[in-house]
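A.B. asks: Based on what follows, work out the 3D shape:
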Amino acid sequence: MSQEPPDQPPSPAGAPDLESEDRAEGSRRDRRRARKAARKARRRAMPWWRRAVPTWRMVVGGLLGLLLLGIAAFVTLYLTVSVPDPNAHAVAQSNVYYYADGTTELARTGSVNREDVPIEQIPLDTQHAVVSAEDRSFYRNKGVDLRGMVRAAWNSATGKGLQGGSTITQQYVKNYYLTQEQTYTRKIKEFFISLKVDQQESKDDILAGYLNTSYFGRGAYGIQTAANAYYGVDVSRLTLPQGAYLATLLQAPSAYDVKNTSAAGRAKAMARWNYVLDGMVSLGFLDARARAAVTFPEPLDPQPVKGLSGQAGYLVDIADKYLAAAGILDNATLRSGGWKITTTFDKAKQDAFVAAVKSELTSELDTDARPKTDTDVRVAGASVEPGTGRVVAVYGGADYAAQPFNDATREDNQVGSTFKPIDLAAGLDGRHTTQDGRVITTQTLYDGTTRRPVVGGPTAYAPPNEDDVSYGSITLRYAMQKSVNSVYAQEGVDAGLDNVRRTAVKLGLPDSIDGMAASNTSMTLGTATPSALDLASVYATLAGHGQHLAPWSVLKLERPGADDVPALPQHPATEAIGRSAADSVTDVLEDVVTSGTGTAALRLNRPAAGKTGTTDSNLSAWFAGYTPELATAVGLFRENPKSHAKESLAGTAGYSRINGGAFPTAIWTAYMRGALKGTPTQDFDLAPGSGTTAPSPTPTFTTSASPTTTPPPSPFASPSPSASRARPSRTPSPTDAFTTPASSPPVESPHVVTPTPAPTPTNGPS
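C.D. replies: Residues are numbered from 1 along each chain as shown. Predicted coordinates for the structure are as follows:
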């Protein structure tokens, strides 16, 4: 007998039917599986290249995964990177500089010149100026500015210049907690520490910390010492324009110091200062009407730096600038202290330079008898080793403690006729020709008539020769000996002014200096304003047979206990001009010494080559020259200590005019004699090009006190009636073997030019 299953009790009214729900859920799962299978089938049916393209589900999933990983990494780093103790900058050691022997101490620097002040003592205008200059989102951001960082990276990548995206908080963190090293690890730490510092400290505390740790130039760390260094006031007394200028300095302290830079550098500083003020207006910190009334606050001249008296400060200045310019150490890292720096400066040569200036110039100045002409006389000098580029000595001024301007590196004095060898080198290096098609050689004939209009130049120019002397048809060699302006003004145009400019830069002149525009014909006669160090580098290149090495001044860099000392760069030579051209110029410049305007250098009693230079209104006088071992440039000028305006050398030491063949050549000769004392005499090893006559027979040098030659003409003009004493005799000691031998005139026809009427041009340097 079969049994029927018991009847199921009916479901309560309104209760869900579980069985039907299970069937519905199973149906939904089946449909999802079916859809998924269909998608896979459709994808398998696609071409291979289409299957390689990810679906939107894959993209979204990947992005979500990356986002989750990024968030996890961010949280991990935020939790693990802690705010460290302040770095050792507050207890920085001195930097010790040594002469080239590595044991003789040159100077000690590096003690941090800083006095912290609370934010309440810093004027609000100054605070706002700094925010405008360095981080305009400072009061809004959370310690970092992602948009600014992205914008900076984009601008750098697209060629708009290297951009900085760091906020004030990040810079403060770098200065106070970290170091200046340029590594990804440091940047990551800086990012997360900045986020934490922004949470832990107020904006006022962060801004105060930044202003107390930043470097403003002139050895001043912090806004308090900067206010004193630039304006001689307590920080609380800074005015709006003064505060804006100090804010300007934060980006580039050395470059924006208007008291120690070129005209181009001053223009950049002024542009940055205006940018700061305009930013204050756009941020609402300054009224536009008040902005329009603001005038530039001229800072004080740099004040003496303790511990760098005598020549030490000038040498340290050159070494520091070299390290910064070469990207080895920035200012902040260098001034954190603890560095041992061995320079290229030779103590014996440095002492010889100082002694030469004292014996040949200072001893002849009488400020009591001639207060209007014998005061404010300054010397710029530099000495470079050919073949290596080492800077072995400089003369930057009488005493760095009294005059912190480095005259050896300033670029605001025209060099006059010391530029003529560059004209000649440009003409000889390649087959350049005269206006009538003759190849330029040292024996090419030119018209030496004074005030002869230059043919083919971009601007009208008819320079006078010294004392308005006309020479007629003469060779380029003889024109160099006598420094004939009319000849070299034309020869430079014949060689091509663009080519002359390129040659000057390749030989060693900076391409940024004033007075070297190829659009001005007078460039050929030395309107350029290189420093004494730049000019010495050019002449070292000529001495080195046309091989140029940029001047350098640091031999060794150490930091005891550190394992991250940066390596010093190599110093490869580049060919500026061919050897035959360089040696031809040297051959001609030897004649300048033996029988031209530089005969005062005969007292060296060694083979030497060089060139004198004197500029319009006697504002500067130069002699640059070299032996096979050493190239040196010496410049002389006068400068008003208050206005910094150049003053004429006329009347100095009682002479109505000072030419390059006078004091500059005398100083050069005395220095070179001391610098080369005890070293064997070397002859020039020359291989001049075709068209250059054979060098004069090598003279026999003697040390006899009774010379047999007729003294050369004095390079000094007649003493003025106010002279209190006569110029001592500068009779050379070499024998008459220096007399230039007679030679047959070249067969080339003279460079004949028919003058055409032209407006009276401005005369350039002679």
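
A.B. asks: where along the stretch 551-700 of the chain do the helices fall?
C.D. replies: 579-595, 663-675 (DSSP state H, counting those that start in this stretch).

A.B. asks: JSON lines please, covering the ones you listed and showing mean pLDDT.
C.D. replies: Output for the helices of the stretch 551-700 of the chain, formatted as JSON lines (pLDDT from 0 to 100):
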{"stretch": "helix 579-595", "mean pLDDT": "97"}
{"stretch": "helix 663-675", "mean pLDDT": "98"}
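
A.B. asks: Residue 410: which of those helices is closest?
C.D. replies: helix 663-675 (15.9 Å; C-beta to C-beta). (C-beta placed from N, C-alpha, C; glycine too.)

A.B. asks: Which strands or helices does the closest one pack on?
C.D. replies: When contacts are defined as 3 or more C-beta pairs under 8 Å, 6 or more residues apart in numbering; DSSP states H and E, helix 663-675 packs onto helix 347-360, strand 377-384, strand 391-395, strand 609-614, strand 620-626, strand 631-639.

A.B. asks: Quick one, which of the ones you listed gets closest to residue 232.
C.D. replies: Between residue 232 and these, the tightest spacing by C-beta to C-beta is seen for strand 631-639, at 21.9 Å.

A.B. asks: Partner strands of the closest one and their direction?
C.D. replies: Using DSSP bridges, strand 631-639 pairs in its sheet with strand 377-384 (antiparallel), strand 620-626 (antiparallel), strand 646-647 (antiparallel).

A.B. asks: out of the helices and strands packed on helix 663-675, which comes closest to residue 237?
C.D. replies: Between residue 237 and the helices and strands packed on helix 663-675, the shortest gap by C-beta to C-beta is with strand 631-639, which sits at 30.3 Å.

A.B. asks: and the angle for that closest one with helix 347-360?
C.D. replies: 40 degrees (axes from the mean of the first three to the mean of the last three C-alpha atoms, to 10 degrees).

A.B. asks: avg pLDDT for strand 631-639?
C.D. replies: Mean pLDDT, computed over strand 631-639, is 97.

A.B. asks: picking up where we left off before, need the helices and strands packed on helix 663-675 in TSV with distance to residue 194, can you?
C.D. replies: Converted to TSV, the helices and strands packed on helix 663-675 look like this (distance: least, C-beta to C-beta, whole Å):
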stretch	distance to residue 194
helix 347-360	46
strand 377-384	44
strand 391-395	41
strand 609-614	55
strand 620-626	51
strand 631-639	46
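
A.B. asks: Output these as a markdown table; include the columns mean neighbour count.
C.D. replies: Compiled in a markdown table, the helices and strands packed on helix 663-675 are given as follows (neighbours: other C-beta atoms under 10 Å):
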| stretch | mean neighbour count |
| --- | --- |
| helix 347-360 | 20 |
| strand 377-384 | 27 |
| strand 391-395 | 28 |
| strand 609-614 | 31 |
| strand 620-626 | 31 |
| strand 631-639 | 28 |
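
A.B. asks: and of those, who's closest to residue 269?
C.D. replies: Of the helices and strands packed on helix 663-675, nearest to residue 269 by C-beta to C-beta is strand 631-639, at 20.5 Å.

A.B. asks: ok now that closest one, how far from the chain's centre?
C.D. replies: Here strand 631-639 is found 19 Å from its chain centre; the criterion is C-alpha atoms, centre = their mean, to the nearest Å.

A.B. asks: Strands of the stretch 451-600 of the chain, start to end?
C.D. replies: 473-475, 547-548, 554-558, 574-575 (DSSP state E, counting those that start in this stretch).

A.B. asks: out of these, nearest to residue 134?
C.D. replies: Across the strands of the stretch 451-600 of the chain, closest to residue 134 is strand 554-558 (C-beta to C-beta), at 29.8 Å.

A.B. asks: Using PDB, list the CA coordinates for the closest one.
C.D. replies: Only the C-alpha atoms of strand 554-558 are listed here, as PDB (Å, rounded to 0.1, in the frame of the first residue of the first chain):
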ATOM      1  CA  VAL A 554      90.200  74.500  -7.400                       C
ATOM      2  CA  LEU A 555      92.600  71.500  -7.400                       C
ATOM      3  CA  LYS A 556      91.100  69.400  -4.600                       C
ATOM      4  CA  LEU A 557      87.900  69.300  -2.600                       C
ATOM      5  CA  GLU A 558      87.500  67.400   0.700                       C
END
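
A.B. asks: Now do the contacts for residue 484.
C.D. replies: When contacts are counted by C-beta atoms under 8 Å, 6 or more residues apart in numbering, residue 484 touches 448, 465, 471, 474, 478.

A.B. asks: can you put those in CSV and add neighbour count, pLDDT and distance to residue 555?
C.D. replies: Rendered in CSV, the data for those read as follows (neighbours: other C-beta atoms under 10 Å; pLDDT from 0 to 100; distance: C-beta to C-beta, whole Å):
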residue, neighbour count, pLDDT, distance to residue 555
448, 25, 97, 47
465, 21, 96, 45
471, 17, 97, 48
474, 20, 97, 46
478, 22, 97, 43
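
A.B. asks: Pull out the CA atoms of stretch 608-619 and give them to me as PDB.
C.D. replies: Extracted in PDB, the C-alpha atoms of stretch 608-619 (Å, rounded to 0.1, in the frame of the first residue of the first chain):
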ATOM      1  CA  ALA A 608     107.900  87.500 -24.300                       C
ATOM      2  CA  ALA A 609     104.900  88.500 -26.500                       C
ATOM      3  CA  GLY A 610     102.200  91.000 -25.600                       C
ATOM      4  CA  LYS A 611     100.100  94.000 -26.500                       C
ATOM      5  CA  THR A 612      99.300  97.300 -24.900                       C
ATOM      6  CA  GLY A 613      95.900  99.000 -24.800                       C
ATOM      7  CA  THR A 614      94.700 102.500 -24.000                       C
ATOM      8  CA  THR A 615      91.000 103.600 -24.200                       C
ATOM      9  CA  ASP A 616      89.300 106.900 -25.000                       C
ATOM     10  CA  SER A 617      89.600 109.700 -22.500                       C
ATOM     11  CA  ASN A 618      92.400 107.600 -20.800                       C
ATOM     12  CA  LEU A 619      89.700 105.700 -18.700                       C
END
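
A.B. asks: Tell me where the model's unsure across the stretch 51-200 of the chain.
C.D. replies: Applying pLDDT under 70 to the stretch 51-200 of the chain flags residues 51-52, 55-58, 61-62, 65-93, 110-111, 148-165, 178-192.

A.B. asks: Repeat that for the chain.
C.D. replies: 1-26, 50-52, 55-58, 61-62, 65-93, 110-111, 148-165, 178-192, 304-307, 693-766.

A.B. asks: Now do the end-to-end distance for stretch 374-391.
C.D. replies: 30 Å (C-alpha to C-alpha, to the nearest Å).

A.B. asks: ignore the last one, stretch 102-122
C.D. replies: OK, stretch 102-122 end separation, C-alpha to C-alpha: 44 Å.

A.B. asks: now do stretch 548-567
C.D. replies: End-to-end distance (C-alpha to C-alpha), stretch 548-567: 22 Å.

A.B. asks: Could you verify my assumption that residue 224 touches residue 234?
C.D. replies: Yes. Using C-beta atoms under 8 Å, residue 224 makes contact with residue 234 at a distance of 7.4 Å.

A.B. asks: more neighbours, these two?
C.D. replies: Set residue 224 next to residue 234 and count neighbours by other C-beta atoms under 10 Å: residue 224 wins out with 21 against 13.

A.B. asks: Does anything pack onto the helix or strand hosting the more buried one? Which helices or strands?
C.D. replies: Using DSSP states H and E, residue 224 falls within helix 223-231. With contacts defined as 3+ C-beta pairs under 8 Å, 6+ apart, the packing partners of helix 223-231 are helix 203-213, helix 240-249.
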